[in-house]
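**Student:** pasted the sequence and its predicted model underneath.
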Amino acid sequence: PTVQAAPGLRRRMSAFTFPDFFEYPPYFTVQPTAETRSKQTELWKSMIHRYCQHHRTFFLDLDDDDHPLFANPRISRKLTRDARRFFVDELVTGGGAAWLEDDEVSQSARDGTGAGKGGAGDLRRRRCLVLWRTIPAWAELMYAWAMEYGYQGQVVTVDEVREGSTAGDALGFRGAPEELVLRAAMCLEGGGKAAVIRGQGGDDAGIKFF
């Protein structure tokens with residue numbers, strides 16, 4: 001019998017369909033009129049989310065001038081670095097992305113040293129974590145998984161969430177970066193639903209669900 005690929009795999013194997021606006025040069029320049037710029041921004045935000053979800057891309061490097069999201073060679077247009085930062089800044093403002101500098105979240109969770117280098121005041125803004133689900137949404141999905149599979153009161157490592165078959169199949173965490181899992185866990189911690197167990201001596205961080 002013929003083996004059929006899972007729906008999610010078939011979607012990722014298929015080519016991403018870029019929206020119509022991607023073929024029009026004016027959309028590659030941030031528009032000066034507020035109303036036009038607002039509509040343009042929503043189009044770019046939506047496309048970035050859909051593209052990254054389709055390809056399971058969790059990070060964007062804004063120094064990559066030729067990234068398929070930022071450049072269309074068919075019309076000889078690409079977003080400038082300032083334009084890329086503008087649109088991603090708008091995603092960050094709405095909770096659809098988060099700027100990353102020196103992996104500060106991972107380092108904080110590992111050793112409890114705080115925010116690490118970079119942070120909100122850092123204007124470099126060169127690398128971001130793309131959140132096609134918001135952090136609270138990822139957190140609630142993680143918590144629902146933990147309850148369903150009986151992990152209440154137990155400690156689960158970050159790698160178990162990222163690589164465990166049940167978490168990956170049920171929630172889409174398979175292959176997700178440590179930064180995403182930790183941010184979701186910290187969100188649960190803030191709501192009293194979990195505690196992040198800081199790793200010691202290079203050990204992986206863990207998550208205890210309540």
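**Tutor:** Looks like it came in fine.
**Student:** relative to F28, how far out is the nearest residue in space to P25 that is not next to it in sequence?
**Tutor:** Of all residues not flanking P25 in the chain, R77 sits nearest, at 5.0 Å (CB to CB, 6 or more residues apart in numbering). (Glycine included, C-beta is placed from N, CA and C.) From R77 across to F28, the span is 4 Å (CB to CB, to the nearest Å).
**Student:** now the biggest helix by length in the chain: average pLDDT?
**Tutor:** With secondary structure taken from DSSP state H, the chain has its longest helix at helix 34-55. Helix 34-55 carries an average pLDDT of 96.
**Student:** ok, stretch 193-210 next?
**Tutor:** Rounded mean pLDDT across stretch 193-210 is 83.
**Student:** list the contacts of R162.
**Tutor:** With contact taken as CB atoms under 8 Å, 6 or more residues apart in numbering, R162 is in contact with 168, 173-178, 181.
**Student:** need the buried ones from these selected in ChimeraX.
**Tutor:** Per 16 or more other CB atoms under 10 Å, the buried members of these correspond to this ChimeraX selection:
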select :173,174,176,177,178,181
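**Student:** widest-spaced pair of the contacts of R162?
**Tutor:** Spanning the widest gap among the contacts of R162 are G168 and E178, at 14.4 Å by CB to CB.
**Student:** doesn't A15 make contact with H54?
**Tutor:** No. Assessed by CB atoms under 8 Å, H54 is found out of contact with A15, at 9.1 Å.
**Student:** who has more neighbours, these two?
**Tutor:** Counted by other CB atoms under 10 Å, H54 and A15 do not tie: H54 has more neighbours, with 15 against 6.
**Student:** how about that one: what's its closest non-neighbour residue?
**Tutor:** Nearest non-adjacent residue to H54, counting by CB to CB, 6+ apart: F16, 4.8 Å away.
**Student:** count the residues that sit near the one you found.
**Tutor:** 15.
**Student:** can you tell me the closest non-neighbouring residue to the residue nearest the centre of the chain?
**Tutor:** Centroid-nearest residue in the chain, with CA atoms, centre = their mean: V130, separated by 2.9 Å. For V130, ignoring the flanking residues on the chain, the nearest one in space by CB to CB, 6+ apart is C52 at 4.4 Å.
**Student:** that older thread, neighbour-wise, which of R77 and F28 wins?
**Tutor:** F28 (20 against 17).
**Student:** how near is that one to Q154?
**Tutor:** On the measure of CB to CB, F28 and Q154 end up 50 Å apart.
**Student:** go on, Q31?
**Tutor:** Distance from Q31 to Q154, by CB to CB: 52 Å.
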